[in-house]
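**Student:** A structural model of the following input is requested.
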Amino acid sequence: RALYFRNTMKIQYITADLEFKSNKDLNTIVQEIGELNHPHLNQWIEDIYHVVLGGSGIDCSPEETANNFCNLIENLSLQSKKLWGTCFDKTLDIAFESGNKPNSVTYQLPIDTIKRLTELGIGIAITIYPTGSYSNEHQ
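**Tutor:** Coordinates of the predicted model:
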């Protein structure tokens, strides 16, 4: 039982990534908004251009990160908005690290945020990483 308490890890939100693909070069979008959002991927893979932009991490909630991405996309230049229109598989991937403390954690995306994402054609994915993947600290 003492070992259990020493190895308790907090369930926590990690970050959210915005992922999108196109058959067009998306570097214009990445140049416009990528510096603020840590591009994890920005390249052609076979005949598809893939972009993954990292969110602001645990300093923000999933809702704040989603709205930050919506703001960036909504404020793209006209050229980049046209390019955004060619994208498919637009996904906000919200990442959590599992744990055993507390019993559960709930994060909510309000309907207004979901509407914004929908209007931009962005789906939602949830990724749950094993305990210790991001945090090696015993919390």
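
**Student:** got the buried residues for whatever helix or strand L72 lives in?
**Tutor:** Using DSSP states H and E, the element containing L72 is helix 62-74. Neighbour counts over helix 62-74 (16 or more other CB atoms under 10 Å) mark 62-63, 65-70, 72-73 as buried. From N, CA and C alone the C-beta is placed, and that goes for glycine too.

**Student:** and what of stretch 98-110?
**Tutor:** Within stretch 98-110, judged by 16+ other CB under 10 Å, the buried ones are 99, 109.

**Student:** Repeat that for stretch 88-99.
**Tutor:** Buried-residue list, stretch 88-99, by 16+ other CB under 10 Å: 90-97, 99.

**Student:** re the thing from before, mind putting the buried residues of helix 62-74 in TSV, pLDDT and distance to I122 included?
**Tutor:** Below are the buried residues of helix 62-74 laid out as TSV (pLDDT from 0 to 100; distance: CB to CB, whole Å):
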residue	pLDDT	distance to I122
P62	92	13
E63	93	14
T65	92	12
A66	94	8
N67	95	12
N68	92	13
F69	94	8
C70	96	8
L72	94	11
I73	96	8
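
**Student:** Out of these, which comes closest to V52?
**Tutor:** Using CB to CB, F69 comes nearest to V52 of the buried residues of helix 62-74, at 11.9 Å.

**Student:** pretty sure the closest one contacts E19?
**Tutor:** No - here F69 lies out of contact with E19, judged by CB atoms under 8 Å, at a distance of 10.6 Å.

**Student:** Report the set of residues contacting both of these two.
**Tutor:** 53, 92 (CB atoms under 8 Å, 6 or more residues apart in numbering).

**Student:** who does the helix or strand following the helix holding L72 touch, helix- and strand-wise?
**Tutor:** Counting by DSSP H and E, the next helix or strand C-terminal to helix 62-74 is helix 78-84. Secondary-structure packing of helix 78-84 (3 or more CB pairs under 8 Å, 6 or more residues apart in numbering; DSSP states H and E): helix 27-33.
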